[in-house]
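*Asks:* I would like the atomic coordinates for the input below:
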Amino acid sequence: MKQYRGRIAPSPTGLLHVGHARTFWTAFLRARDAGGILVLRNEDLDPQRSKAAFANAMLEDLDWLGIRWQEGPDVGGTFGPYSQSERRGQYLQVWKQLLERGFLYPCTCSRRELSEIAQPPHDHPGAQVHRGPQDEGPMYPGTCRPETAADLSKQYNSPAGVNWRFRVPDGRAVAFEDGHFGPQRFVAGEDFGDFPVWRRDDVPAYQLAVVADDQTMRITEVVRGADLLLSTARQILVYEALGWPAPRWYHCPLVLDERGEKLAKRHDALAIRTLREQGRTPAEVLGTG
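*Replies:* Model (predicted):
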C-alpha cells in the first residue's frame, strides 16, 4: 500500500475561520492516525486577493492550533508551505496536455454576457452540497463550445488573453465514494457545465491547479469542506483526461453561522485570530474541549 499523503491547502485571501480550523484539524488527524505525511500548500494563485499578511497569519494560526505538517520547502530549518504562485510551469504543462487532447476550448464571453445567458444549476439532493468558493456561478450554456473536440495546440502557444474551458462529456455520471458522506453522483451537463481552467488574465483556475498539485505532490486523500463536493466531480474528469489516478476523498461537514449559511472569510467574529485575542483555547475553537 502507498504511504498516506494528505494536504491542507488554505488560500491567503483573508483570515482563517473556525470552519477552516476544523477541516484542517481533520486532515491533520487523518494523516497522523494513518502514520502518513501532511503537506501544506499555500493556494495563492489570485494575485489581486492573495496577501502576504494573510499567509503569515495562516502559519501562526495553524501553529497555535497544534497542526503540524511534515513536508514543504525548508525555511530556516522548518517546513514552510509550497506556494502555487511558484508553480506556474507545472500548470502550463497540464494546460498544454489538455489542449493537445482536445479537452479545452477558448471562451470569449464577458462576465456580463455570462450573467445574462448562464443557466441555474440543477438542485442536488446530496448532503451539504452548498455552492463552493470555486464554483463559477450559474452553469455555462456552451456559447463558445465548438461542435466537436479538437487539438488547438497549433493555434495557441499560450493560454493568455481568453478564458479556457474544459469540455465536459454531457450526460456522463461522475460517481465517487466520499469518506464522510458516502456515495456521491453528479451528472455532467446537468449538475455542472463546461468549467474554467485558465483565466483571460493569464492565471490558472482552481480546478486545473489543484489537480496538477495533488498529482505532483502524490496526495492519496483529499480532505476538505463539503462545499467542494461538486468540484470533486469536475476534478475527476480532469484526472481522467490526463490519465492520472484520482486520490480518495473526504469532505467535512460545514460550520454554519446563525442563519444556517456557510462561513466565509468576511465572518471576522469567527476568525481564528479574533477568537485567539478573546482568550479562546485551541480546544474551544476546534470543538474538542
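*Asks:* Got phi/psi on Glu177?
*Replies:* phi -100, psi 120 (degrees, to the nearest 10).
*Asks:* Contacts only, for it.
*Replies:* 183-184, 248-249 (C-beta atoms under 8 Å, 6 or more residues apart in numbering). C-beta: built from backbone N, CA, C; applies to glycine.
*Asks:* any chance you could map the helices in the stretch 51-200 of the chain?
*Replies:* All helices of the stretch 51-200 of the chain, identified by DSSP state H, counting those that start in this stretch, fall at 52-65, 88-100, 111-117.
*Asks:* farthest pair in the contacts of Glu177?
*Replies:* For the contacts of Glu177, the farthest-apart pair by C-beta to C-beta is Pro183 and Arg248; their separation is 13.5 Å.
*Asks:* And the two? Which one has more around it.
*Replies:* Shown here are Pro183 and Arg248; by other C-beta atoms under 10 Å, Arg248 has more neighbours (15 against 9).
*Asks:* returning to what we had before: nearest to Gln235, of the helices of the stretch 51-200 of the chain?
*Replies:* Judging those by C-beta to C-beta, what sits closest to Gln235 is helix 88-100, at 12.0 Å.
*Asks:* Surely Ser231 is in a helix?
*Replies:* Yes: residue state for Ser231 (DSSP: H, G, I helix; E, B strand; the rest coil) corresponds to a helix.
*Asks:* Verify the stated contact: it with Tyr206.
*Replies:* Yes: judged on C-beta atoms under 8 Å, Ser231 makes contact with Tyr206 at a distance of 7.4 Å.
*Asks:* Between these two, which is the more surrounded one?
*Replies:* Taking other C-beta under 10 Å, Ser231 and Tyr206 do not tie; Tyr206 has more neighbours (24 against 20).
*Asks:* sorry, back to before: just send the helices of the stretch 51-200 of the chain back as TSV, with mean neighbour count, distance to Arg273 and mean pLDDT too.
*Replies:* Shown next, in TSV, are the helices of the stretch 51-200 of the chain (neighbours: other C-beta atoms under 10 Å; distance: least, C-beta to C-beta, whole Å; pLDDT from 0 to 100):
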stretch	mean neighbour count	distance to Arg273	mean pLDDT
helix 52-65	17	6	94
helix 88-100	17	30	97
helix 111-117	12	32	70
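*Asks:* Relative to Asp151, which of the ones you listed is closest?
*Replies:* Across these, closest to Asp151 is helix 88-100 (C-beta to C-beta), at 5.4 Å.
*Asks:* Just give me how far that closest one sits from the chain centre.
*Replies:* 18 Å (C-alpha atoms, centre = their mean, to the nearest Å).
*Asks:* Packing partners of it?
*Replies:* Using 3 or more C-beta pairs under 8 Å, 6 or more residues apart in numbering; DSSP states H and E, the elements in contact with helix 88-100 are strand 163-166, strand 195-198, helix 206-216, helix 229-242.
*Asks:* Noted, bye for now.
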